[in-house]
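**Student:** Just need the structure, nothing else, for what follows:
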Amino acid sequence: TLWADRFKSVLVEGHGNPLQTMAAYIDLNPVRAGLVEDPKDYRFCGYAEAVAGVAEAERGMVHIWSDHGARDPQSALQAHRLLIFGKHAAQAGLSDMTRERALKVLDAQEGELSKAVMLRCRVRYFTDGAILGSAEFVRGFTGAWQVERGRKHPPKVNAMRGSAWGDLAVIQGLRRKVFG
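**Tutor:** Predicted coordinates for the structure are as follows:
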């Protein structure tokens, strides 16, 4: 454990969809906290630093999006913004999605929400999932997880639910209150 109290460490696959999704989730922390409507307006956010032209943040954004062909900060920022806001970012409705409405769709209607909407919700997979990545990546840690926890049987690789997460999986299965 790297953190204390309510903060937990999560091992994240270092490229592709897992890294991009986790980066977007982190960049949306001030939005979820109600501090800003757009993460570019929160000065302590890596995305905001990249938008402001801080070279190190721009390089980080290019690294995150390099597997999608991003070779320069502008294309990386465009890809990141698309993930954060979805395809129809300019249209109304994204900021109108309340926690209650999201939970109603997920629980009562057993539906799925877009990734952009889900990233605005508190998703326990990103804090309690322990290992986040492709199923293959997560599977690679099941033996070590089993030994470390003294478990008789190896843990399952759990696909994330509630949205079109792509190939994202976690090692820590969440039975209750996945979305908060």
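**Student:** ok, how many other residues are close to residue 138?
**Tutor:** Residue 138 is flanked by 27 other residues according to other Cβ atoms under 10 Å. (Each C-beta comes from the backbone N, C-alpha and C, glycine too.)
**Student:** I'd say it and residue 168 touch.
**Tutor:** No. Between residue 138 and residue 168 no contact is recorded; they are 9.1 Å apart, counting by Cβ atoms under 8 Å.
**Student:** joint contacts of these two?
**Tutor:** Common neighbours of residue 138 and residue 168 are listed as residue 132 (criterion: Cβ atoms under 8 Å, 6 or more residues apart in numbering).
**Student:** From residue 166, how far out is the most centrally placed residue in the chain?
**Tutor:** Among the residues of the chain, the one closest to the centroid is residue 22, at 3.3 Å (Cα atoms, centre = their mean). Residue 22 sits 13 Å away from residue 166 when distances are taken as Cβ to Cβ, to the nearest Å.
**Student:** next one: residue 116
**Tutor:** Residue 116 sits 13 Å away from residue 166 when distances are taken as Cβ to Cβ.
**Student:** Kindly report the same for residue 74.
**Tutor:** Using Cβ to Cβ, one gets 24 Å for the distance from residue 74 to residue 166.
**Student:** What of residue 80?
**Tutor:** 16 Å.
**Student:** The two: who's more crowded?
**Tutor:** The neighbour comparison of residue 80 against residue 166 (other Cβ under 10 Å) goes to residue 80, with 23 against 14.
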